[in-house]
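Asker: What follows is a protein structure lacking sequence information:
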């Protein structure tokens, strides 16, 4: 075989998201863009803030020596300092630039390459982002999936029961992709107590890794609690892809709790792995821009309007809908157990969604509502038609 057996298997298990997206391209060629209702990909359709565009133009226009040169693998000191200062205001901690590593989109790969020995385990609550398993494998680890409650809240007992002597980390994602669930402060603090107790019991540090690319996209007064406030052996991965609508620019960071055990080793490992994984450093221009726009985000009210438009529309044609608390996805329960069959039925109406089985949440479909309002409005009748067929 021309490629590695593992990669061949990964291809066979590869993301339903991309599969539906690519099938959508063919449908659009056949029927026209306006006649295909593509909810497959979480590609923000809200433009970046005008102030960010202004700062980007200023940065591009600056005539600086070494403007496009390498910098420290952790990133520009001034950018990391700006982020540390901002995060210190948001939390009850004093963070320094030395606790920050700028990333080019591969934050979780960097974290797991740094933390994991071969065969060590990472617990992930389901539903989960489909590529997490691959990131853990890239670090030589093994994924253990644990369930959540019916409302997608953390099942703390399931997490505790899933911890073994091989557990190295628990990975959470809040607001969650695909469910839009936000884990509240009580759940995060209870999880921290479990991890502290189990770390003592097994004599090994169990890290809490929080993936938070959607932390700025929340609704109805919901807030995202800081894992850094709850648990000292924690690391948080953040991306500006969603909060500033910059997915193609590949800019984000990792922050480690300043009281994390062996913090110097961890930061040294993160910096080294950022380099040896081939990222080397985050993009120079975007680092300069990010340093100037801390606290800025897209107009979340636009996504709230889209959420309400979708949820209210689906409810009007007979679906039972629970509005998500954050991100821009609805994880909708299907009227039949076979979510793949239901997604295929929707596809016949030129509606593209992603089967929940790909996220470890069978019996659901994921609907990415970061699309034009007209796409949402024009798809509702098709959603209703398919629901009637299965009822």
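Answerer: Now that the structure is in, tell me what you want to look at. What you see is a predicted model; the values in this text were computed from it and never measured.
Asker: and residue 302, how many neighbours does it have?
Answerer: 16 (other Cβ atoms under 10 Å). No exception for glycine: its C-beta is placed from N, CA and C like everyone else's.
Asker: That one - nearest residue in space that isn't next to it in sequence?
Answerer: Spatial nearest neighbour of residue 302, chain neighbours left out: residue 46 (5.2 Å); criterion: Cβ to Cβ, 6 or more residues apart in numbering.
Asker: try residue 77
Answerer: Nearest residue to residue 77, sequence neighbours excluded (Cβ to Cβ, 6+ apart): residue 97, at 5.6 Å.
Asker: so how far is residue 257 from that neighbour?
Answerer: Distance of residue 97 to residue 257, given as Cβ to Cβ, to the nearest Å: 15 Å.
Asker: In terms of neighbours, single out the busier of the two.
Answerer: residue 257 (25 against 18).
Asker: List the contacts of that one.
Answerer: Going by Cβ atoms under 8 Å, 6 or more residues apart in numbering, residue 257 touches 93, 99, 228, 231-235, 263.
Asker: change it to 6 Å
Answerer: For residue 257, the contacting residues are 228, 232, 234, by Cβ atoms under 6 Å, 6 or more residues apart in numbering.
Asker: Could you dump the residues you listed into CSV with pLDDT added?
Answerer: Below are the contacts of residue 257 laid out as CSV (pLDDT from 0 to 100):
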residue, pLDDT
228, 96
232, 97
234, 98
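Asker: helices and strands around the least confident helix or strand in the chain by mean pLDDT, which ones?
Answerer: Sorting the helices and strands of the chain by mean pLDDT, DSSP states H and E puts helix 16-31 at the bottom, at a mean of 76. Helices and strands touching helix 16-31, by 3 or more Cβ pairs under 6 Å, 6 or more residues apart in numbering; DSSP states H and E, are strand 354-355.
Asker: The strand it packs on - contacts with which helices or strands?
Answerer: Judged by 3+ Cβ pairs under 6 Å, 6+ apart, strand 354-355 is in contact with helix 16-31, helix 339-348.
Asker: right, so of these, which gets closest to residue 359?
Answerer: Nearest to residue 359, of all those, is helix 16-31, at 8.2 Å by Cβ to Cβ.
Asker: what about the closest one, distance to the chain center?
Answerer: With Cα atoms, centre = their mean, to the nearest Å as the basis, helix 16-31 stands 23 Å off its chain's centre.
Asker: Helix or strand next in line after that helix, which one?
Answerer: Moving toward the C-terminus from helix 16-31, the next helix or strand (DSSP states H and E) is strand 37-38.
Asker: Buried residues, the following helix or strand past that following strand. List them.
Answerer: Using DSSP H and E, the next helix or strand after strand 37-38 towards the C-terminus is helix 50-61. Along helix 50-61, these residues count as buried under the neighbour rule (16 or more other Cβ atoms under 10 Å): 52, 55-56, 59.
Asker: Residue 314 contacts residue 321, correct?
Answerer: Yes - contact criterion Cβ atoms under 6 Å: residue 314 and residue 321 qualify, at 5.2 Å.
Asker: Return the backbone torsion pair for residue 122.
Answerer: When read as degrees, to the nearest 10, the backbone of residue 122 gives phi -120, psi 120.
Asker: Dig out what it forms beta bridges with.
Answerer: residue 143, residue 169 (DSSP bridges).
Asker: wait, isn't it in contact with residue 169?
Answerer: Yes - with contacts defined as Cβ under 6 Å, residue 122 counts as touching residue 169 at a distance of 4.9 Å.
Asker: The two: who's more crowded?
Answerer: residue 122 (28 against 25).
Asker: separation between that one and residue 168?
Answerer: Taking Cβ to Cβ as the measure, residue 122 falls 6 Å from residue 168.
Asker: check which helix or strand covers residue 367.
Answerer: Taking DSSP H and E as the criterion, residue 367 maps to strand 364-368.
Asker: tell me the angle that strand makes with helix 16-31.
Answerer: If you take axes from the mean of the first three to the mean of the last three Cα atoms, to 10 degrees, strand 364-368 sits at 60 degrees to helix 16-31.
Asker: following strand 364-368, which helix or strand comes up?
Answerer: Downstream of strand 364-368, the first helix or strand assigned by DSSP H and E is helix 373-390.
Asker: And for that following helix, what's in contact with it?
Answerer: Contacts for helix 373-390 (Cβ under 6 Å, 6+ apart): 37, 309-310, 313-314, 317-318, 335-336, 345-346, 349, 351.
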